[in-house]
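Novice: Output the structure for:
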Amino acid sequence: MPEEDGHESPWSGSDESTLFDFHGPSEIPAYAIISGNRGQARALAAAGAYNHPADAWVIYEACLQGPAMIQALSVNPILDLSPRLPGQMGDTVFHLLLRTHPSRFPHTKIATIMELLQAGVDPLQPDRFGNTALHILAGVPTDMQDDAFELMKLLFGNQATPLVRLSCISSVNHRSGVDSINNSESSSTPLQIGVIHNHISCVKLLLDNGASPHVRGLFNKTPLYFAVIRDFVDVADVLLRHGAALEGDMLAQSPEMSLVLTRNTL
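Specialist: Purely as a prediction, here's the structure:
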């Protein structure tokens, strides 16, 4: 009999709880996800599937398919929708999704991330390097920056749950790194990462939501240092307008940067 989403189940008439091994990964739950069979995936999730550590990659594939598949798995309230990925040294499904190119999502990446946030996934859970979602989005490649800006707006905006929004605002100056408290020179704030990657949209958004241009991170430098030495003129201008302080080792690399530094420090 066809499932509700139009897919014929190869196991129709069977009790889903007998279709897989509760003590290890099984190809049957994976097939339901890969084939896009939401009805079968929902029944299997309700029966207790997708809880084995090796199923994390299957859950990642499910999330790529969009909100409807995530909702199918959410029928099991104890299922972790962002488990740690085997072999990734602590990174979770959510971390990998944030780093995945938007073209991989048949629907939209923003809709997928929003669904996971609504389901209770914590955007501030650190990855292997101590990076939260704010750090990851601030440092994406250039061709993903527009998408990352929209996702960061989601975290700070009214579309997110009040808990997500307030948590992100309160953590906006959190430094990454496994020893960020005792060793600030090897860690960075989201703002510093955004500056290093010349991600001006996220830099502005972080500053507007309480990021401090004075917090030191990598090499015990402030964000302005990296904007100046990399000759990111527009980023330096934004930082200076938000109160960043010019220091002696911040030497302009171009006439344009010299003009910005002079104009904002007179």
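Novice: so where's the stretch 101-250 of the chain shaky on pLDDT?
Specialist: Residue ranges of the stretch 101-250 of the chain with pLDDT under 70: 178-186.
Novice: Where do the helices of it begin and end?
Specialist: 109-118, 133-138, 145-156, 162-170, 190-196, 200-208, 223-229, 233-241 (DSSP state H, counting those that start in this stretch).
Novice: For the ones you listed, give me JSON lines that also has distance to T265 and mean neighbour count.
Specialist: In short, each C-beta sits where N, CA and C put it, glycine included. Conversion of the helices of the stretch 101-250 of the chain to JSON lines gives the following (distance: least, CB to CB, whole Å; neighbours: other CB atoms under 10 Å):
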{"stretch": "helix 109-118", "distance to T265": "39", "mean neighbour count": "20"}
{"stretch": "helix 133-138", "distance to T265": "26", "mean neighbour count": "28"}
{"stretch": "helix 145-156", "distance to T265": "29", "mean neighbour count": "20"}
{"stretch": "helix 162-170", "distance to T265": "29", "mean neighbour count": "15"}
{"stretch": "helix 190-196", "distance to T265": "18", "mean neighbour count": "29"}
{"stretch": "helix 200-208", "distance to T265": "18", "mean neighbour count": "21"}
{"stretch": "helix 223-229", "distance to T265": "11", "mean neighbour count": "25"}
{"stretch": "helix 233-241", "distance to T265": "7", "mean neighbour count": "21"}
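Novice: Any chance of those helices in TSV with distance to I28 as columns?
Specialist: As requested, the helices of the stretch 101-250 of the chain are exported to TSV (distance: least, CB to CB, whole Å):
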stretch	distance to I28
helix 109-118	24
helix 133-138	33
helix 145-156	33
helix 162-170	34
helix 190-196	41
helix 200-208	42
helix 223-229	50
helix 233-241	51
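Novice: closest to G248 out of these?
Specialist: Of all those, helix 223-229 sits nearest to G248, with 10.6 Å by CB to CB.
Novice: For that closest one, which helices and strands make contact with it?
Specialist: helix 190-196, helix 233-241 (3 or more CB pairs under 8 Å, 6 or more residues apart in numbering; DSSP states H and E).
Novice: Using JSON lines, please lay out those together with distance to V93.
Specialist: Output for the helices and strands packed on helix 223-229, formatted as JSON lines (distance: least, CB to CB, whole Å):
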{"stretch": "helix 190-196", "distance to V93": "21"}
{"stretch": "helix 233-241", "distance to V93": "32"}
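Novice: among those, which is nearest R128?
Specialist: The nearest among the helices and strands packed on helix 223-229, by CB to CB, is helix 190-196 at 15.3 Å.
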